[in-house]
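Colleague: Next come a sequence and a model predicted from it.
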Amino acid sequence: MFSADLLANAVVSGLLLGGFYAAVAIGLAIVFGQLDIVNIAHPAFVIVGSYTAYILNSRFGLDPVLVGVLAAPLFFIVGVAIYRIYYAAFERTGQESLSGLAFFFGLMFIIEVTLILVYGVDYRLVSAGYSAQTLAFGFVDLPGRMLVPFVVAMTLTAAVWLYLSRTFMGRAIQAVAQDRGALQLMGADPVRIKQWAFGLGIATAAIAGALLIIIGPVEPSVGRQYIGRVFAIVVLGGMGSIQGMLIAALLLGVTENLVSTFYGPSWAPAVAFGVLLATLAVRPAGLFGR
Amino acid sequence: MRRICIALFAAAFAGAAAAADPIKIGFSMALTGGLAGAGKGALIAMEIWRDDVNKKGGLLGRQVEFVYYDDATQPAKVPPIYTKLINVDKVDLVVSSYGTNEIVPAMPIVMRNKMVFPALFGLAANEEFKYDRYFQIMPAGPYPKTDWSKGFFELAQQQKPRPQTIAIVAADAEFALNAAAGARENAKKMGFKIVYDKTYPPATTDFTPIVRAIQATNPDIVYVGSYPPDSTGMVKAANEVGLKVKMFGGGMVGLQFAAIQKNLGPLLNNVVNYDFWVPEPTLDFPGVKEFLAKYQEAAKGKGVDPLGHYLPPFAYAYMQVLGQAVAATKSLDQAKIADYFRKNTHDTVVGKVKFGRNGEWATSRVLMVQFRDLQPDNLEQFAGPGKRVVLYPKAWKSGDIVFPYKQ
């Protein structure tokens, strides 16, 4: 069954899929990778992003990606507020490890149940002109449904990387991840920086959610299926490394689609996570971990 | 003497209270989690039945009351719910939750208590238990595994030139695996050569590599056993990749739901898939339109399927049969009710229902319908006839197949 066009399409579609994974994982790369906050509710925020895109798309015909970008500042504010609660209740008292995890687990359920109560449990989808288009380059197909999320995800990743590496606040976020005590000695407030970073992480969920609903139908609990994958991507990339996260996401996408095409889709997650384990065995700190 | 009078009075009072007590029907239902969309729709239909019955004076002169708990689409939650319903809530009757995965875990408890168990949409759920008081309202037929896809293969067999090769792809989950196993059996029995036979994990996001791998094996027909998000992904991927086969579809769950139908629109054209009821003139059973009008009114703003063609009429019907059995036997005796279920043909909003082997429908009525002439972004088109043409079985046929699916 092996052929060049199957191989090329598997690699290209894997890259497109990996790009989408990166959009979902990037918020967690900041929050979990850099701040060490186990925000297990991150995929639930992604679903809130999907619902926001759905509501504005179905009511006003707005493009889902545009909705994601417009909603991001609002998500940022919500993220800041959640971090304040988390800090006051757990981090300040040093209970963040177990109680904090329970907090985010609870938050995930609250988000899911709220979505169910307000919008019901039916599958939600959006309509966007490009999602039905497919570009063809020779024998390689680029479906708009996957291509647009990929382009947006790459832009988002580049923007976050530039922000973290080139701006004062971005460097401060990296500093708080490395040595909180030293940052305090420099006169900076680590809590303020962390709340900003947490807000940024949640803001990316607005865009990731919009991308998710372009790809396929969404219902309130669908975020759960991404929890394992996105945490694995962040760990594989090397905690806190945006480049590492991107490479890991693309690697996971390509591995999944190659296995799916040539061996059988049921093996795809097993092999992809096998790659994760093998990488961690060789490089325990992940691909780009220090 | 005074004590005896008080005791007699108390006993008489208790007796009167018991006579006025409602008949309690207990069940678990998926009101949250993955199957909640269907579960909530089923509950609306069941409540319409309860209200209809209570308006007419109830059953055996007693009002009907529901006792139900959310199983959150988690099979592990089902056994304690039925234990509580039977032992603590002391319900008079039980019915099942929605779906195979939620029905099977309840079976041992219901069987231990020898209760009648009308069940809502489980595929071959009684195949291993062989419980003689289990009755399945889904018209999968006496041999559910094979009856489910029989129509798809019989249709393929009738086409000229006759398709020779088949690809089978299914989700790694109970229903889809059963559907695929049945399809495999039918394919072999009817002489189709299987050129692709794989399963995929339920958390798959991108279906294009699967469809490309199928296309590479060049099958004549493709049978898919999938759940709603995957069905959407499969149909979109088939259009994106430009899958060229003669028949595509079969066992895709979700293509019966209004929201998904509306979103996919013309991408569904010529897909042949299973269904149980569609608004075609051949399936216009007494009471079904009135029921759907009530359902569509009640469903507004509840985030459930707005048209309710797939599950709700059957959720109403399984309660109808139970109600008819209680009324006819004038009893809550489980043996008598089960006997009534077995021996009679029941008039329901989904037509005449007769139970046979293992409590399944005596004759399968798994429809094969073909999507036709669909316009984009138009929900109303699905409310009337002509858009989901019944091809199989012959008795309910409303049109001829458009063949091939895509050239």
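Modeller: That came through fine. Every value quoted in this text rests on a predicted model; they were computed, and no experiment measured them.

Colleague: from the stretch 101-250 of chain B, which residue is nearest to chain A?
Modeller: Closest to chain A within the stretch 101-250 of chain B is residue B:200: 3.4 Å, counting by C-beta to the nearest C-beta. In short, each C-beta sits where N, CA and C put it, glycine included.

Colleague: Tell me which residues touch the nearest residue to that residue once chain neighbours are set aside, please.
Modeller: Counting by C-beta to C-beta, 6 or more residues apart in numbering or on different chains, residue B:200 lies nearest to residue A:265, which is 3.4 Å off, once chain neighbours are set aside. Taking C-beta atoms under 8 Å, 6 or more residues apart in numbering or on different chains, we find residue A:265 in contact with A:259, B:169, B:198-201, B:204, B:209-210.

Colleague: Point me to the residue of the stretch 151-290 of chain A nearest chain B.
Modeller: At 3.4 Å from chain B, residue A:265 is the closest residue in the stretch 151-290 of chain A, using C-beta to the nearest C-beta.

Colleague: so how far is residue B:108 from that residue?
Modeller: 33 Å (C-beta to C-beta, to the nearest Å).

Colleague: Tell me where the stretch 1-150 of chain B is predicted with low confidence.
Modeller: Flagging of the stretch 1-150 of chain B using pLDDT under 70 yields the residue ranges B:1-20, B:34.

Colleague: what do you get for chain A?
Modeller: Those would be A:1, A:290, if you go by pLDDT under 70 across chain A.

Colleague: which residue does it bring closest to chain B?
Modeller: Closest point on chain A to chain B, by C-beta to the nearest C-beta, is residue A:120, at 1.0 Å.

Colleague: Tell me how many other residues surround the residue of chain B found nearest chain A.
Modeller: Taking C-beta to the nearest C-beta as the measure, the point where chain B comes nearest chain A is residue B:303, at 1.0 Å. Residues lying near residue B:303 (other C-beta atoms under 10 Å in any protein chain shown) number 23.

Colleague: Would you mind listing what in the stretch 151-290 of chain A touches chain B?
Modeller: Proximity of the stretch 151-290 of chain A to chain B, by C-beta under 8 Å from any C-beta of the partner chain, involves residues A:215-217, A:219, A:221-222, A:225-226, A:229, A:253, A:256-258, A:260-262, A:264-266, A:268-269.

Colleague: for the stretch 1-150 of chain A, same thing?
Modeller: A:1, A:3, A:6, A:9-10, A:13-14, A:16-17, A:20, A:112-113, A:116, A:119-125, A:127, A:132, A:134, A:141, A:143, A:145-146.

Colleague: Verify the contact between residue A:223 and residue A:46 for me.
Modeller: Yes - Residue A:223 is within contact range of residue A:46, at 5.7 Å (criterion: C-beta atoms under 8 Å).

Colleague: The stretch 301-407 of chain B: strands as residue ranges?
Modeller: All strands of the stretch 301-407 of chain B, identified by DSSP state E, counting those that start in this stretch, fall at B:345-348, B:351-354, B:367-371, B:388-392.

Colleague: looking at these, which is buried most?
Modeller: strand B:367-371 (a mean of 25; mean count of other C-beta atoms under 10 Å in any protein chain shown).

Colleague: Let me see the mean pLDDT of it.
Modeller: When pLDDT is averaged along strand B:367-371, the result is 97.

Colleague: For it, name the packing helices and strands.
Modeller: Counting contacts by 3 or more C-beta pairs under 8 Å, 6 or more residues apart in numbering or on different chains; DSSP states H and E, strand B:367-371 is packed against helix B:144-158, strand B:272-275, strand B:388-392.

Colleague: Those into CSV, with extra columns for distance to chain A?
Modeller: Below are those laid out as CSV (distance: least, C-beta to the nearest C-beta, whole Å):
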stretch, distance to chain A
helix B:144-158, 20
strand B:272-275, 16
strand B:388-392, 18
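
Colleague: how about TSV for these, with distance to residue B:368 added?
Modeller: Shown next, in TSV, are the helices and strands packed on strand B:367-371 (distance: least, C-beta to C-beta, whole Å):
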stretch	distance to residue B:368
helix B:144-158	4
strand B:272-275	6
strand B:388-392	4
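
Colleague: doesn't residue B:31 make contact with residue A:113?
Modeller: No - using C-beta under 8 Å, residue A:113 is not in contact with residue B:31, being 10.5 Å away.

Colleague: Helices - which of the residues of the stretch 1-150 of chain A next to chain B land there?
Modeller: If you go by DSSP state H, the residues of the stretch 1-150 of chain A next to chain B have A:6, A:9-10, A:13-14, A:16-17, A:20, A:112-113, A:116, A:119, A:145-146 in helices.

Colleague: Closest to residue B:311 out of the residues you listed?
Modeller: residue A:116 (17.9 Å; C-beta to C-beta).

Colleague: Quick one: neighbours of that closest one, just the number.
Modeller: 20.

Colleague: Setting the sequence-adjacent residues aside, check what's closest to it.
Modeller: Here the residue nearest residue A:116, using C-beta to C-beta, 6+ apart, is residue A:220, at 5.0 Å.

Colleague: which SS state does that neighbour fall under?
Modeller: For residue A:220, the secondary-structure state derived from DSSP: H, G, I helix; E, B strand; the rest coil is coil.

Colleague: And residue B:296, by the same measure?
Modeller: With three-state DSSP as the criterion, residue B:296 reads helix.

Colleague: how about it, what does it touch?
Modeller: B:306-308.

Colleague: which of the residues you listed has the most neighbours?
Modeller: Going by other C-beta under 10 Å, residue B:308 tops these with 25 neighbours.

Colleague: isn't it right up against residue B:45?
Modeller: Yes - using C-beta under 8 Å, residue B:308 is in contact with residue B:45, at 7.2 Å.

Colleague: Need the residues touching each of the two.
Modeller: residue B:295.

Colleague: ok so, going back, among the residues of the stretch 151-290 of chain A next to chain B, which ones are in helices?
Modeller: Going by DSSP H, the helices hold A:215, A:225-226, A:229, A:253, A:256-258, A:260-262, A:268-269 from those.

Colleague: among the residues you listed, which two are most distant?
Modeller: Checked with C-beta to C-beta, those reach their widest spread between A:226 and A:262, with 24.5 Å between them.

Colleague: if you count what's nearby, which of these two comes out ahead?
Modeller: Taking other C-beta under 10 Å, residue A:226 and residue A:262 do not tie; residue A:226 has more neighbours (23 against 16).

Colleague: Could you find the closest non-adjacent residue to that one?
Modeller: residue A:43 (4.5 Å).

Colleague: Quick check: the one you found is in a helix.
Modeller: Yes - counting by three-state DSSP, residue A:43 is located in a helix.
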